[in-house]
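[1] Model the following, please.
(chains A and B)
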Amino acid sequence: MDKYIEMIRIRFLMMLAYRTNYYSGILIYSINIGAYYFLWTAIYGGKESIEGLSAVQMTTYVAVSWMARAFYFNNIDREIALEIKEGKVAVELIRPYNYLGMKTMQAFGEGIFRLVFFSIPGMVIVALVFPMEFSTNGITWLLFASSLMFSFIVNTQINLITGMLTFFLFNNDGLMRAKRVIIDLFSGLLLPISFYPVWAQDIMVYFPFQAISYIPSMIFTEGIKGNEVLQAILLQGFWAIVLLLPIQVLWVIAKKRMIIQGG
Amino acid sequence: MFYFSMFTQYVGQYMKTRMQYRADMVVELLSDMLFQVTNLVFILVVFGHTQFLSGWNRDEIIFIYGFFLVPYAIFGAFFNIWDFNERYIVKGEMDRILTRPIHSLFQVVLERMELESLFGAITGIVIMGYASIQLGLSFHWFDIILFILFVISGALVYAGIFVSLASIGFWSDARTSLMPMMYNIGNYGRYPVDIYNSVIRFVLTWILPFAFVGVYPAAYFLNKEEWYMYSFLTPVIGVGFFILSVFLWNQGVKRYRGAGN
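    Predicted coordinates:
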């Protein structure tokens, strides 16, 4: 276990060395949040609420979705794809750790770094600029934190799967880009899932994407309450476990039929 | 004429390199299209809950978005020089550019073009076509000329802003993140400016005139007479900003000292 924790620490320190890159990142996210703020204000017009969310809740939703994204987002699919293409994965496999576990821990180190140096200060800044509402209930914050943890897990699992598909497809840049669009759209980052037409919502229930952004953001804005929150977190947990299966299967097959390109 | 033949030769070479990896290119085009569709989905879903966005209806917003895609595609194909600083200044590649017989900016544009971006214009035109059928718009014969003029002007607005930013590299070779920031600000131009507050509206009109890429020129085709003045300003702003940026570029080239290694 020690080696995995050490890996989190190393990644964190590595990111810390390049922290100046992140100040501009906060500005970029704020610009995005600003665009959606104006858009949503116009969409609400005079309306009190749409689908149970008030305009202020909506602004909070947009802000927290983007800032949470900084935490759960990572590029390990790209890293894995690159290591497979360059043949480095062969060396990784003989090292005394689980390759996928190590990748997850690196992503987690990055995530913690961005949480501390990006999400939290960023959230403070956007809250000063745009009207937002934060829950005063400590339990909401706790539930949000645990839900956010699951966002990270589910998103990372999806990244591991897309990354590993490189073993079979050799070049899956297109797939990785498509995955990004799908996650932006169907995770609830751009639009709360409850805004979609019912038929679309019915389809999305069968996919793990809403576990990534919609659930934590709804918990944070108190768009869902009480029992619903627990159900939602359980759903996230369900996906976190279910997704282990394809990862394991792909990993076993991949190790068997691995071809090292170049070397 | 010499510039034109240079251009066609570079395009020819470019096609050869891209056609080498056809499957890769198809995938890239498809994923570009997915990105463009994302925003369309956003608009469609949102208008499931509201009739008007500051007085603009769904199909008008879709039309503006479709229009925006066309100049943006042209910009993406020729002026996507976001990595100019790292690629040319820090690595000293600019030295090589300056020995070439054509204008340095033109040479950089030729080397960095990404013609596949132009497919975005087709997506844009299809989206506009859909919206204008929904709206029952009618066009005159001279609208085609105006359309081409507005599209080129819109692309020049984008080009002007990005070339100016690239020119900063001649004065300071520090890494800046102004370029990615500008892409995000550019997205503000996809929606009617009335939804923003007066400060942002002013910035989008006169300082970083992204509104001239989307909403202002599109307003003309949507018969929004209250915006006509801005619609017809589009070529002036486009050409003006582009000339300014070329001037900045030339000044920058004079200052360029090369990067030793």
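[2] For whichever residue of the stretch 1-150 of chain B sits closest to chain A, list the residues it contacts.
    Nearest residue of the stretch 1-150 of chain B to chain A (C-beta to the nearest C-beta) works out as residue B:27 at 3.1 Å. All C-beta atoms are positioned from the backbone trio N, CA, C, and that covers glycine. Contact partners of residue B:27, counting by C-beta atoms under 8 Å, 6 or more residues apart in numbering or on different chains, are A:173, A:174.
[3] continuing past the helix or strand it falls within, what's the next helix or strand?
    With the criterion set as DSSP states H and E, the secondary-structure element containing residue B:27 is helix B:22-46. The element immediately downstream of helix B:22-46 (helix or strand, assigned by DSSP H and E) is strand B:52-53.
[4] so who does the residue nearest to the spatial centre of chain A touch?
    Nearest to the geometric centre of chain A sits residue A:72, at 3.4 Å (C-alpha atoms, centre = their mean). Applying C-beta under 8 Å, 6+ apart to residue A:72 gives the contacts A:111, A:148, A:151, A:152, A:155, A:156, A:212.
[5] is it true that the last one touches residue A:183?
    In other words, residue A:212. Yes - because the distance of 6.3 Å satisfies C-beta atoms under 8 Å, residue A:212 is recorded as touching residue A:183.
[6] so where does residue 146 fall, helix or strand?
    In the absence of a named chain, this looks at chain A. In this assignment (DSSP H and E), residue A:146 forms part of helix A:138-164.
[7] hm, I was asking about chain B
    Element membership for residue B:146, per DSSP H and E: helix B:141-171.
[8] ok, is the next helix or strand after that helix in contact with chain A or not?
    Using DSSP H and E, the helix or strand that follows helix B:141-171 in sequence is helix B:178-186. Yes - where contact is defined by C-beta under 8 Å from any C-beta of the partner chain, part of helix B:178-186 touches chain A, namely B:180, B:181, B:184, B:185.
[9] what's around the closest residue to chain B within the stretch 151-263 of chain A, how many residues?
    For the stretch 151-263 of chain A, the nearest residue to chain B under the criterion C-beta to the nearest C-beta is residue A:174, separated by 3.1 Å. For residue A:174, the number of neighbouring residues by other C-beta atoms under 10 Å in any protein chain shown comes to 18.
[10] Spatially nearest residue to it (excluding sequence neighbours)?
    residue B:27 (3.1 Å; C-beta to C-beta, 6 or more residues apart in numbering or on different chains).
[11] where does residue A:190 fall, helix, sheet strand or coil?
    Under the three-state scheme (DSSP: H, G, I helix; E, B strand; the rest coil), the conformation of residue A:190 reads as coil.
[12] wait, it sits on residue B:43?
    No - the pair formed by residue A:190 and residue B:43 falls short of the contact definition of C-beta under 8 Å, at 10.9 Å.
[13] check contacts around residue B:143.
    Neighbour list for residue B:143: residue B:221 [criterion: C-beta under 8 Å, 6+ apart].
[14] Would you state the predicted confidence (pLDDT) at residue A:164?
    The predicted local confidence for residue A:164 comes out at a pLDDT of 90.
[15] secondary structure class for residue A:11?
    Applying three-state DSSP to residue A:11 yields a three-state assignment of helix.
[16] Who are the contact partners of the closest residue to it other than its chain neighbours?
    In space, residue A:11 comes closest to residue A:109 once its chain neighbours are excluded; the distance is 2.9 Å by C-beta to C-beta, 6+ apart. Contacts for residue A:109 (C-beta under 8 Å, 6+ apart) come out as A:7, A:8, A:9, A:10, A:11, A:12, A:14, A:15.
[17] Including neighbour count and pLDDT, could those go into TSV?
    Conversion of those to TSV gives the following (neighbours: other C-beta atoms under 10 Å in any protein chain shown; pLDDT from 0 to 100):
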residue	neighbour count	pLDDT
A:7	19	86
A:8	19	88
A:9	13	89
A:10	13	87
A:11	19	86
A:12	18	87
A:14	13	85
A:15	20	84
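[18] which one of these sits closest to chain B?
    Of all the contacts of residue A:109, the one with the least separation from chain B (C-beta to the nearest C-beta) is residue A:15, at 16.2 Å.
[19] pretty sure the closest one contacts residue A:107?
    No - with contact defined as C-beta under 8 Å, residue A:15 and residue A:107 do not form a contacting pair (11.3 Å).
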